[in-house]
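[1] Quick one, fold the following:
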Amino acid sequence: MSVGIDVPVAHHLVIGTSNSAPPAQYHTYKQAPAIMLPIQLTHALLAILPLTVALPAGADGIEEFKAYSFEPLQWKVPASPGGPLVKMNGTVQEVIAQLRELNPHFDESSESGHDTLQKRLDFTGAIYHCHQPWNSGYRDIVEDGITYLRKVGGVPNAGPGPASCARVSCSYNGAIVWCNDNPEPKTLFSFGSIADGAQFLVNNCKLRSPTDTDIGGRVFHNTGWNVAVERADC
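    The predicted model follows:
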């Protein structure tokens, strides 16, 4: 009997190998080569498999992975059009709230021209995984986060990786996460680049969602960074 098994490569049960790009720190799923097993052994393996490869989950049902290193994202953004850059930490929602404290007249829509002029990143052919092992967030909330990221000014900076991550958007339990897999710090052209990764997941993972309201997954860019959409406590 021939059995092909999907297993997370970061767990103890690993059948076969893969040369895919994502670093070993991440729990990614790959199709293992088919192997020949006696029928009795196959039945025994299938009986214990759900216990063997189950992913750890927190008490609140949100999966956490020890390989991830989360740090608050550092921003350098203008509090007014053409004004000096201000250093801030947090998600885009937190940063906008801080900017409004500094400038009561701050309006993120004043950055809307940034969205229309920005060239989109091409994720065609990128390695990506939908939903598992990431719990899904609400698609509408994630899309709101994408809109915010396209409008805010400044550039994203990440510390050295791999698996150095920060939540760039988080509200109503829907989060967009940016991770640097390079051994050196990483700077992107704009926060719209992260939005492009999140939009790729919305476009490609919604067809695999159990409902039209959920979205979750991770996509790896070929320059050594990745974007995840997931459920988070926010």
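[2] May I ask which helix or strand of the chain has the lowest mean pLDDT?
    Every helix and strand in the chain was compared by mean pLDDT, DSSP states H and E; the lowest is strand 6-8, with a mean of 31.
[3] which residues of the chain score low on pLDDT?
    1-68, 108-119, 132-134, 207-212 (pLDDT under 70).
[4] Show me it divided up by domain.
    2-53, 69-231 (automatic domain parsing).
[5] ok, now how distant is Gly90 from Glu71?
    As judged by C-beta to C-beta, to the nearest Å, Gly90 and Glu71 stand 11 Å apart. The way it works is simple: take the backbone N, C-alpha and C, and place the C-beta from them, glycine included.
[6] same question, Ser164
    Counting by C-beta to C-beta - Ser164 and Glu71 are separated by 7 Å.
[7] Phi and psi next, for Trp178.
    Main-chain dihedrals, Trp178, degrees, to the nearest 10: phi -110, psi 130.
[8] residue contacts, it?
    Applying C-beta atoms under 8 Å, 6 or more residues apart in numbering to Trp178 gives the contacts 73, 156, 158, 165-166, 168, 194, 197, 225-227.
[9] Just the ones of the residues you listed in helices?
    Those of these mapping onto helices are 194, 197, per DSSP state H.
[10] Which of the contacts of Trp178 fall in strands?
    The members of the contacts of Trp178 that map onto strands under DSSP state E are 158, 165-166, 168, 225-227.
[11] wait, which of the residues you listed is closest to Leu99?
    Val168 (15.2 Å; C-beta to C-beta).
[12] ok, that closest one touching Val177?
    Yes. Between Val168 and Val177 there is a contact at 7.1 Å, judged by C-beta atoms under 8 Å.
[13] Compare neighbour counts for those two and give me the winner.
    Val168 (27 against 24; other C-beta atoms under 10 Å).
[14] I'd like to know how far that one sits from Gly82.
    Counting by C-beta to C-beta, the separation of Val168 from Gly82 is 24 Å.
[15] Repeat that for His105.
    For His105, the distance to Gly82 (C-beta to C-beta) stands at 14 Å.
[16] same question, His131
    His131 is 42 Å from Gly82, by C-beta to C-beta.
[17] Neighbour count: these two, which is higher?
    The residue with more neighbours, out of His131 and Gly82, is His131; 19 against 5, by other C-beta under 10 Å.
[18] can you give me the helices in the protein?
    Using DSSP H, helices in the chain cover 39-53, 92-102, 112-117, 139-151, 191-205.
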